[in-house]
Structure formats: C-alpha cells, structure tokens
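**Student:** Give me coordinates for this.
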Amino acid sequence: MTEKEYRRHPAISRSELFKMSETPEKFKYFQENPQPQTPALAFGSFLHKLVLEPETLWDEYCIAPNVDKRTKSGKKAFEAFVVENIDKTIITEYEATVAKEMAEAINKNPLSRRLLQGEHEKPLFWIDEATGEECKCRVDCLAKLDDTYIVVDVKTTDNASNASFMRSAIKYGYHFQAGMYLEGVHNALGIPMDKLMFVFIAVEKQAPYAVNILQADELFIQRGQDLYRQYLTQYHECKISGNWYGYTGPNNEINGLSLPGWATGEE
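**Tutor:** Prediction:
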C-alpha cells in the first residue's frame, strides 16, 4: 500500500486525531478542508522513503529541474515538468542531497541500522472496542529482538539531544503517537502490550546530521495512551452529537483568564 493509498483510507489517523488536541472545531475544519503538504512535511516524507523504501523512491518523488522560473522559458519548462510528474511529489536538488546525507548518517549508526531491520512502512487498521471507530497507523518499522517487538519511528529534528527532543515530543504529540501506535500494533496484530517497545530514531537536519536513539519509557507511553483514549472518545462523541465545538467548549461557556505565577512574581 502506497502512502497516498493509505492516506485515502477513511479510518482515522494519528495526524488527524491530534487536531482534537486543539479543538473539535479545528479538527472538523481541516478534515473538510485538506491542506496542501508543506515543504517541511514533503521533505520529511522524502527522507522516510529514502531510508525505508529506497527501491521505490522515484515512483513517488522527482527532483525539480534547475531552471529560472522568473524567465518565460524557465517558467514554461517547469510547468511542463509538473504536468509530466503530476502524480509525484517534487523536491529540490538541495533537499535530495541533504536527505541523502541524513539517511547515510542513520544507516552508518550500528544501532539504528539494527533497529531498522524489520518490516517497513507497515499499515495497520483496527476497530476501537470502546467507540467502534476505525483507526489506522503506518509504522515506519516493526522490528523484533528476541521476544520483543519494537515499533521504530524516524524523526527529523533541529536538535536531537535528549532534553530538546523531549520538548519536541510534547509539542508535536510524539507521546500520543507512541500510545496510539502501540495500541494499533496490539489490536491489529494481537501482540501483547508487555511484548512491545517504542523507539525513536532522531536525526538532525543540519550537518553533521547527528543521530540519537531514544526509547519511550512507561510514563511516556501511558500518557500517550491516555491522550489517544481522550481524543478518540471526544471525536466519537462529536460525531454522534454533531457538535464540533471550539474553545468555549460543548456548552459554549466563558473561560476564565488568570495570570500565571511567573507573571505575578510568585515563581
């Protein structure tokens, strides 16, 4: 199953469900108004493809021609290139070079190379027992070490240090992702939760493209599973009620506004 085929499947995904962390109103808007892929997301997807499925990389991606789009001839040549590659994602030659160097950094690390010796880009689908909602996830790599199954996720980052990556994890919901993906592997494949582990391979986007490997601990995963349950229940209830509320909540109530401790000198 290609990435585009996976995205077209109607089951709810992690990236969609995470919008519930803002408001159901925003979730509903972005569900009905899909946004074009940003250059940053396109680059991240390209790197994943390069690391995990290099044999089919150019079936889905192409490198933009080196033309001056400010000129009439350059603009015409680029437009013709876009038409010829309508089903592919276009990246620049510079992005391709950087992604290649990042992939090499990942592959030359013995531990990350060992962790990536598993089934790549594995799509999983399951029905949540509590809500009846169909869910999906696409695991970067599912590896096995002795009797433990390791869900491996590749992340690009500005800073792969432990402290900085944890801040990114909280901001972008990586703990939620870990919780949802482990639920998906457990439900779709029947693997016991005590036989599962979640590991991030974080690679920096600037030379020397430093790599860090981080295992999600029990508290990290538990918080992610709690968020998964919270967002999925909220999504299910909004579907039933038709009330996709915003910041003022399901009953449209005024929120309180209080100064935090740091603003009052109490911290």
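
**Student:** all strands for the stretch 51-200 of the chain, in order.
**Tutor:** Remark: strands assigned in the stretch 51-200 of the chain by DSSP state E, counting those that start in this stretch are 61-63, 89-91, 119-127, 134-145, 148-157, 196-204.

**Student:** residue contacts, the closest residue to residue 116 other than its chain neighbours?
**Tutor:** Nearest in space to residue 116, with sequence neighbours left out and distances taken as Cβ to Cβ, 6 or more residues apart in numbering, is residue 141 at 5.2 Å. Bear in mind the C-beta positions are built from the backbone N, C-alpha and C, glycine included. Residue 141 makes contact with 52, 115-116, 118-120, 122, 151-154, according to Cβ atoms under 8 Å, 6 or more residues apart in numbering.

**Student:** Buried deepest among the strands of the stretch 51-200 of the chain, which one?
**Tutor:** Highest mean neighbour count of the strands of the stretch 51-200 of the chain: strand 196-204, a mean of 22 (counted as mean count of other Cβ atoms under 10 Å).

**Student:** thinking again about what came up before, and of the strands of the stretch 51-200 of the chain, who's closest to residue 172?
**Tutor:** strand 148-157 (8.7 Å; Cβ to Cβ).

**Student:** List the pairing partners of that closest one within its sheet, with orientation.
**Tutor:** Here strand 148-157 is paired, per DSSP bridges, with strand 134-145 (antiparallel), strand 196-204 (parallel).

**Student:** related to what we said a few turns ago, quick one: the contacts of residue 141 as CSV, columns for pLDDT and distance to residue 93 too.
**Tutor:** Shown next, in CSV, are those (pLDDT from 0 to 100; distance: Cβ to Cβ, whole Å):
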residue, pLDDT, distance to residue 93
52, 93, 22
115, 95, 30
116, 95, 26
118, 93, 31
119, 94, 31
120, 94, 25
122, 93, 31
151, 97, 33
152, 97, 29
153, 96, 28
154, 96, 22
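
**Student:** from those residues, which single one is nearest residue 129?
**Tutor:** Minimum distance to residue 129 across the contacts of residue 141 is 20.4 Å, recorded for residue 151 (Cβ to Cβ).

**Student:** hang on, that closest one packs against residue 200?
**Tutor:** No. With contact defined as Cβ atoms under 8 Å, residue 151 does not count as touching residue 200 (9.8 Å).

**Student:** where are the low-confidence patches of the chain?
**Tutor:** For the chain, the stretches with pLDDT under 70 are 267.

**Student:** ok, longest helix in it?
**Tutor:** With secondary structure taken from DSSP state H, the chain has its longest helix at helix 218-241.
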